[in-house]
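Participant: Quick one: sequence plus predicted model below, questions after.
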Amino acid sequence: MTALQVSAREMVQAAYENRYTWDKSFPGYTTDVTLKLGDKTFTGTAKVNPDLSAEVFDVEDETANKVIKNQLWEVAIHRVRRPFEKSHGENTFKVDGTDENGATRIAVGGKAEGDAYKVKDNEFVMVHRHIHGVVVTINTFSSYDTGSGYLSHTYDSVYHDPKTGEQKQGRSEFTDDYTQVGQGERQYTVLAKRTVTSEDGPDMEIMFSNIELLA
């Protein structure tokens, strides 16, 4: 393995381990929810369980209920803490130059052949991954420092067909705001608000308030 490949793996590992995640003691939480979907507003409550499953209450509209549940699941799944080797042990990494902003481009081989990352200041600023039959590219423009890892603050996403390269849907832009809940060793950073603007769908804003950790 060349020095470049070693440094590429080290860069990816450093950024991977710098992401904010929840520990195994994560207790789950309850929250009030307000969802604005286009020109409609829905309110209810929700619970994220210790196993990261989500439940939504008092939202009878099926689409809104599903959107809230999906958002909570999507957030929680990215907070799972897994050892680097468990996630990337079968992948290889190679430095592929730098972009105009000084981020290091990294090409992925091995099990995740065709994936790619950009890393800058120990953070992923671009993730290009094959997931469930599509290719998703996420560019992160700013991040939030929790004090024990970073979270994306503003970013976008685009989906493409892995075979044809054709764009599957319009670009979406996200802004995530966070709050800290609990204290001491039982303090966790959770999503307080997410705003999504999409080229081909209704704009969305989801807000979480009165967040309380489960006992």
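Facilitator: That came in fine, so what should we check first?
Participant: Apart from its neighbours in sequence, what residue is nearest T92?
Facilitator: Excluding the flanking residues, the one nearest T92 by CB to CB, 6 or more residues apart in numbering is G109, at 4.1 Å. (C-beta placed from N, C-alpha, C; glycine too.)
Participant: Who does whichever strand or helix holds that neighbour pair with, and is each partner parallel or antiparallel?
Facilitator: Assigned by DSSP states H and E, G109 falls within strand 104-110. Using DSSP bridges, the strands paired with strand 104-110 are strand 91-98 (antiparallel), strand 116-120 (antiparallel).
Participant: So Q13, which state does it fall into?
Facilitator: Recorded secondary structure, Q13: helix (DSSP: H, G, I helix; E, B strand; the rest coil).
Participant: circling back: run a quick neighbour tally on the residue nearest to T92.
Facilitator: 14 (other CB atoms under 10 Å).
Participant: Okay, it and A103: tell me how far apart.
Facilitator: 19 Å (CB to CB, to the nearest Å).
Participant: Could you pull out the helices in the protein for me?
Facilitator: 3-18, 62-77, 84-88 (DSSP state H).
Participant: Touching the last one from outside, list them.
Facilitator: Right, helix 84-88. 12-13, 16-17, 112 (CB atoms under 8 Å, 6 or more residues apart in numbering).
Participant: Please save the CA atoms from it in CSV.
Facilitator: The C-alpha trace of helix 84-88 is given here as CSV (Å, rounded to 0.1, in the frame of the first residue of the first chain):
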residue,chain,number,x,y,z
PHE,A,84,-14.5,2.5,11.2
GLU,A,85,-13.3,-1.0,10.3
LYS,A,86,-16.8,-2.4,10.6
SER,A,87,-18.1,0.2,8.1
HIS,A,88,-15.1,0.5,5.8
